[in-house]
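Enquirer: Give me a 3D structure for the following:
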Amino acid sequence: MGARIDHLVTSGTFSLDGGTWDVDNNVWIVGDDTEAIVIDAAHDAAAIKAAVGRRTLKAVVCTHAHSDHVDAAPALSAATGAPVLLHPDDLPLWKLTHPGEAPDGQLADGQVITVAGTDLTVLHTPGHAPGAVCLYAPDLGTVFTGDTLFKGGPGATGRSFSDFPTIVESIRERLLALPPATVVRTGHGEATTIGEEAPHLQEWIARGH
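Expert: Just a heads-up that it's a prediction; the model follows:
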């Protein structure tokens, strides 16, 4: 049996630059009946652990270190023994949420994470955050984009540690090069496809998100 994708939505807050907002986050679980990884442990470690069930959790993978994507990561790690993995460029953001704690391991561009016989390749896609990554799983026909690419355009770049030209370049070079049918599973909201978003690149640039 190959890997499948399970999905739950958790609710909480996102805080940065002195502001706090209510948010709903997508949490993605990739695996089979035996083992799994979690992509973005948001808000509710108990709910995520329940969704993982009796499976061995191999890793808690962080697409970036904004508080709403990592706030439950240490608790989920403590409950399951799974290492928390983060790109090192996002350590300054991680420390805003978890001062005095550190992730267990690093993510690097081109790194391959294998779960249930399925490979997910790490794509470093800075812009929304310096260490933002996407996870491309060609066997599943999908890419997990965190807050780099949404249905309708790039992730927000109006706050600290973010940059609009950088995110556009990341999307152009790393994501729009993927097959058009690739399903984009995002950090918030509904899914889209690479083919659906690709034609709008110039519109995004003109809008200067």
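
Enquirer: ok, residues contacting the lowest-mean-pLDDT helix or strand in the chain?
Expert: In the chain, the helix or strand scored least confidently by mean pLDDT, DSSP states H and E is helix 201-207, which has a mean of 88. For helix 201-207, the surrounding residues in contact (C-beta atoms under 8 Å, 6 or more residues apart in numbering) are 153-154, 168, 171-172, 176. In short, each C-beta sits where N, CA and C put it, glycine included.

Enquirer: One more pass at 10 Å, please.
Expert: 149, 152-154, 164-165, 167-168, 171-172, 176, 197, 200, 209 (C-beta atoms under 10 Å, 6 or more residues apart in numbering).

Enquirer: Okay, buried residues for it please.
Expert: W204 (16 or more other C-beta atoms under 10 Å).

Enquirer: could you dump that helix to PDB, C-alpha only?
Expert: In PDB, the C-alpha atoms belonging to helix 201-207 read as follows (Å, rounded to 0.1, in the frame of the first residue of the first chain):
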ATOM      1  CA  LEU A 201       2.400  35.300 -12.600                       C
ATOM      2  CA  GLN A 202       2.600  38.600 -14.500                       C
ATOM      3  CA  GLU A 203      -0.600  39.800 -12.800                       C
ATOM      4  CA  TRP A 204       0.900  39.100  -9.400                       C
ATOM      5  CA  ILE A 205       4.000  41.100 -10.300                       C
ATOM      6  CA  ALA A 206       1.900  43.900 -11.500                       C
ATOM      7  CA  ARG A 207      -0.200  43.900  -8.300                       C
END
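
Enquirer: can you give me the offset of it from its chain's centre?
Expert: 23 Å (C-alpha atoms, centre = their mean, to the nearest Å).
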